[in-house]
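**Student:** Everything below, folded, please.
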Amino acid sequence: MLRTVNAFDANAFERPSPHAARLATLLASGGDARIRPDGAGRNQYYASVLPSDALAYGSSTISSISHHAFDTLAKRWTHRLDRPLAADDYAEALAILRFKLAEHFGLTDAAPDTAIIFAASGTDLEYAGLAAAYDGRPITTVLLGRDEVGSGCVHSAAGRFFAEETATGSRVVTQSAIDPQFAGTELVEVAVRDSAGRPRASAAVAAELSLHIERAAANRRRAVVHVVHGSKSGLTLPALGDVEQLVAAHGNAMTIVVDACQLRITPAVVRRYLALGCVVLVTGSKFAGGPPFSGFALVPAAVRDRAQPLPEGFRRLAKRAEWPAEWPGVGTLSASGNFGLLLRLQAALVEMERFGALPAERVAAVASRFGHHARHMVQRLELADVAGTGTTCLATETLRTIDLSARWPQCDFAAAKAIHAKITHHSRQWLGQEIRLGQPVRTHLMPDGRAAGTLRLSLSMPMIAELAAMPDDALDQRLDRDMSLVGSAISAAASATQPKRQGEPLA
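**Tutor:** Prediction:
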């Protein structure tokens, strides 16, 4: 049951109208168990089903719907929320979304035949990559940076179910093959960081990927090679130039899947990947700032044209309209609607279009000021930034990964999760303002071999749109206040969980 006021969101809708409550309920439907809210109206990532007044610098993990997107959907669907969504209406609405997404990424002229596949999460999108790559041979999936992509991708990228329930509501056996066609899929993991936590050189990563492609071909297997553009900690590996060399060297002997699920990527770079024949995976939450969970895969026309028919197992994963009508075998999927997924996708597009209308120079200015104030906060707390590749792009400018163990040497990954939870649950009580930060991510090891504790601090499209409207002085004042609150929340949570150094103040 949706609670109107909870411990997190004292200022959220105090008494949501029946219309708003119905919309919130639908937004949390049509997905697996991860999307379902608890008694406080939060899912397992602490995202709320209603818009929140939280200070949300956690778009690297997940996001709650913005007031702007919620109001837009509420007006759009004023007279339709109490009726089931017919299959034809679902197909028509997704066709409109395909057209608008093609416009957003500049594909209507550059790559008008790009296929767009919708899914209920980034983890589910891995199945689209497998379907696009399959040519009758067994598959070798080469997964890059398992700790810096979706946690369930280690299963879905190998053609296995990642949970006991799918987004269609089917009950399945976790880690079993989604279809006999993928039962023989093997998984090879490639690290993005060395043992000290430093990002590996792009050329070294590309060379290792190339070696696995050659081994797969020698064993009469099809290689599905994952590269990452904007990982959980902002890494992009291999660099686009090295991806181009992989394509030149191996061509159709492999399929490259670009994990751009954070969406910290420009349309121009998306088009470059597609021109190389890569499948690009994107989600509508995280940087886009849409409600959890939704995603879409962009598939080059040449890849789609050589695809094999969808196996029967996909009936438990997707609805017919979520796949292009011309995809072979799509007729085996259920012709029914998923109202919740449609609403989440529409909300994400609302944010993408609003962000896309911002002047590039203003976005760059906001990202620069965010970096300045975040850097000051990190230095003031005697923390450290987790090492990056040194490149500057949308992924690095809008996301910072903070090493808590730099100040609290015993702060491992588990302790960081406890700090993250305390911030989420108690920051309003401590500071009068709820603070949301990105969940910890495993990036490096401490001297005793445990994964170090981290937190992530990130901008989202809706937040940038809000900040971009401010005069420069007001922008700096806002970011200075925000980072002060974030720093106080981190200090307070750490004080409650971590041993203090001698003479260290409480916050």
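
**Student:** counting contacts, what elements does the one helix or strand Ile116 maps to pack onto?
**Tutor:** Assigned by DSSP states H and E, Ile116 falls within strand 115-119. Identification of packing neighbours for strand 115-119 by 3 or more CB pairs under 8 Å, 6 or more residues apart in numbering; DSSP states H and E yields helix 87-104, helix 122-133, strand 295-299, helix 301-305. Heads up, the C-betas are built off the backbone N, CA and C, glycines and all.

**Student:** closest one to Ala384 among these?
**Tutor:** Ala384 sits nearest to helix 122-133 of all the helices and strands packed on strand 115-119, at 28.3 Å, using CB to CB.

**Student:** How far off centre is the closest one?
**Tutor:** Remark: helix 122-133 is offset 15 Å from the chain centroid, using CA atoms, centre = their mean, to the nearest Å.

**Student:** can I have that helix written out in CSV, keeping just the CAs?
**Tutor:** Output of helix 122-133 as CSV, limited to C-alpha atoms (Å, rounded to 0.1, in the frame of the first residue of the first chain):
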residue,chain,number,x,y,z
GLY,A,122,19.4,-2.5,-18.0
THR,A,123,20.0,-6.0,-16.9
ASP,A,124,17.2,-7.2,-19.1
LEU,A,125,18.8,-5.4,-22.1
GLU,A,126,21.6,-8.0,-22.1
TYR,A,127,19.2,-10.4,-23.6
ALA,A,128,18.7,-8.1,-26.6
GLY,A,129,22.5,-8.1,-27.2
LEU,A,130,22.5,-11.9,-27.2
ALA,A,131,19.5,-12.1,-29.6
ALA,A,132,21.3,-9.7,-31.9
ALA,A,133,24.5,-11.6,-31.9
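
**Student:** so what does whichever helix or strand comes after that helix touch, helix or strand wise?
**Tutor:** For helix 122-133, the following helix or strand on the C-terminal side (DSSP H and E) is strand 139-144. For strand 139-144, the contact count by 3+ CB pairs under 8 Å, 6+ apart identifies helix 122-133, strand 186-190, helix 202-218, strand 222-229 as packing neighbours.

**Student:** contact partners of strand 139-144?
**Tutor:** The contact list for strand 139-144 (CB atoms under 8 Å, 6 or more residues apart in numbering) reads 130, 133, 149, 153-154, 157-159, 182, 184-190, 192, 205, 209, 212-213, 215-216, 219, 221-228, 237, 259.

**Student:** for the lengthiest helix in the chain, packing partners?
**Tutor:** As assigned by DSSP state H, the longest helix anywhere in the chain is helix 472-497. Helix 472-497 sits against strand 55-57, helix 360-380, helix 413-431, strand 435-437, helix 461-468, with contacts defined as 3+ CB pairs under 8 Å, 6+ apart.

**Student:** Show me which of the contacts of strand 139-144 are buried.
**Tutor:** Among the contacts of strand 139-144, those classed as buried by neighbour count (16 or more other CB atoms under 10 Å) are 130, 133, 149, 153-154, 157-159, 182, 185, 187-188, 190, 192, 205, 209, 212-213, 216, 221-228, 237, 259.

**Student:** Check what pLDDT Gly129 gets.
**Tutor:** Looking at Gly129, its pLDDT stands at 96.

**Student:** Who are the contact partners of the residue lying closest to it once chain neighbours are set aside?
**Tutor:** Nearest residue to Gly129, sequence neighbours excluded (CB to CB, 6 or more residues apart in numbering): Val257, at 4.0 Å. Residues in contact with Val257 (CB under 8 Å, 6+ apart) are Glu126, Gly129, Ala133, Val224, Val225, His226, Val227, Cys278, Val279, Leu281.

**Student:** Any idea how many residues pack against Gln181?
**Tutor:** 22 (other CB atoms under 10 Å).

**Student:** Let me see the domain layout of the chain.
**Tutor:** What automatic domain parsing lists as the domains of the chain is 1-67+358-501, 87-352.

**Student:** returning to that earlier point: could you dump the helices and strands packed on strand 139-144 to TSV with distance to His372?
**Tutor:** Below are those laid out as TSV (distance: least, CB to CB, whole Å):
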stretch	distance to His372
helix 122-133	30
strand 186-190	34
helix 202-218	27
strand 222-229	25
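
**Student:** Poorly predicted segments of the stretch 1-150 of the chain, please.
**Tutor:** For the stretch 1-150 of the chain, the stretches with pLDDT under 70 are 1-14.

**Student:** what secondary structure does the residue nearest to Gly129 sit in?
**Tutor:** Following DSSP: H, G, I helix; E, B strand; the rest coil, the label given to Val257 is strand.

**Student:** gap between it and Ser156?
**Tutor:** Going from Val257 to Ser156 by CB to CB, to the nearest Å gives 11 Å.

**Student:** now swap in Ser210 and tell me
**Tutor:** 24 Å.

**Student:** So those two - more neighbours on which side?
**Tutor:** Ser156 (26 against 19).

**Student:** Please list all residues in contact with the closest residue to Arg198 other than its chain neighbours.
**Tutor:** Once flanking residues are discounted, Arg198 sits nearest to Ala387: 5.1 Å by CB to CB, 6+ apart. Applying CB under 8 Å, 6+ apart to Ala387 gives the contacts Arg193, Gly197, Arg198, Pro199, Thr443, His444.

**Student:** Can you name the residues in contact with stretch 150-159?
**Tutor:** Applying CB under 8 Å, 6+ apart, the contact partners of stretch 150-159 are 121-124, 126-127, 129-130, 139, 141, 143, 146, 161-163, 174-175, 177-179, 181-183, 185-187, 189, 224, 226, 259, 261.

**Student:** from the chain's centre, how far out does that stretch sit?
**Tutor:** 14 Å.

**Student:** what distance separates the start and the end of it?
**Tutor:** By CA to CA, to the nearest Å, the extent of stretch 150-159 from end to end equals 15 Å.

**Student:** wait, doesn't Thr283 sit right on Ile265?
**Tutor:** No. In terms of CB atoms under 8 Å, Thr283 does not count as a neighbour of Ile265; the distance is 11.5 Å.

**Student:** higher neighbour count, these two?
**Tutor:** Legend: neighbour count by other CB under 10 Å for Thr283 and Ile265, higher for Thr283 (28 against 22).

**Student:** OK, contacts around that one?
**Tutor:** By CB under 8 Å, 6+ apart, the contact list for Thr283 reads Ser121, Gly122, Leu125, Cys261, Gln262, Leu263, Phe293, Ser294, Gly295.

**Student:** Tyr57 now?
**Tutor:** Ile435, Arg436, Leu437, Gly438, Leu457, Ser458, Leu459, Met463, Asp482, Val486.

**Student:** Is it possible to get JSON lines of those that adds neighbour count, pLDDT and distance to Ala40?
**Tutor:** Below are those laid out as JSON lines (neighbours: other CB atoms under 10 Å; pLDDT from 0 to 100; distance: CB to CB, whole Å):
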{"residue": "Ile435", "neighbour count": "25", "pLDDT": "94", "distance to Ala40": "16"}
{"residue": "Arg436", "neighbour count": "27", "pLDDT": "93", "distance to Ala40": "14"}
{"residue": "Leu437", "neighbour count": "26", "pLDDT": "95", "distance to Ala40": "18"}
{"residue": "Gly438", "neighbour count": "25", "pLDDT": "94", "distance to Ala40": "20"}
{"residue": "Leu457", "neighbour count": "24", "pLDDT": "96", "distance to Ala40": "24"}
{"residue": "Ser458", "neighbour count": "27", "pLDDT": "95", "distance to Ala40": "23"}
{"residue": "Leu459", "neighbour count": "26", "pLDDT": "96", "distance to Ala40": "26"}
{"residue": "Met463", "neighbour count": "24", "pLDDT": "96", "distance to Ala40": "23"}
{"residue": "Asp482", "neighbour count": "21", "pLDDT": "97", "distance to Ala40": "24"}
{"residue": "Val486", "neighbour count": "26", "pLDDT": "97", "distance to Ala40": "22"}
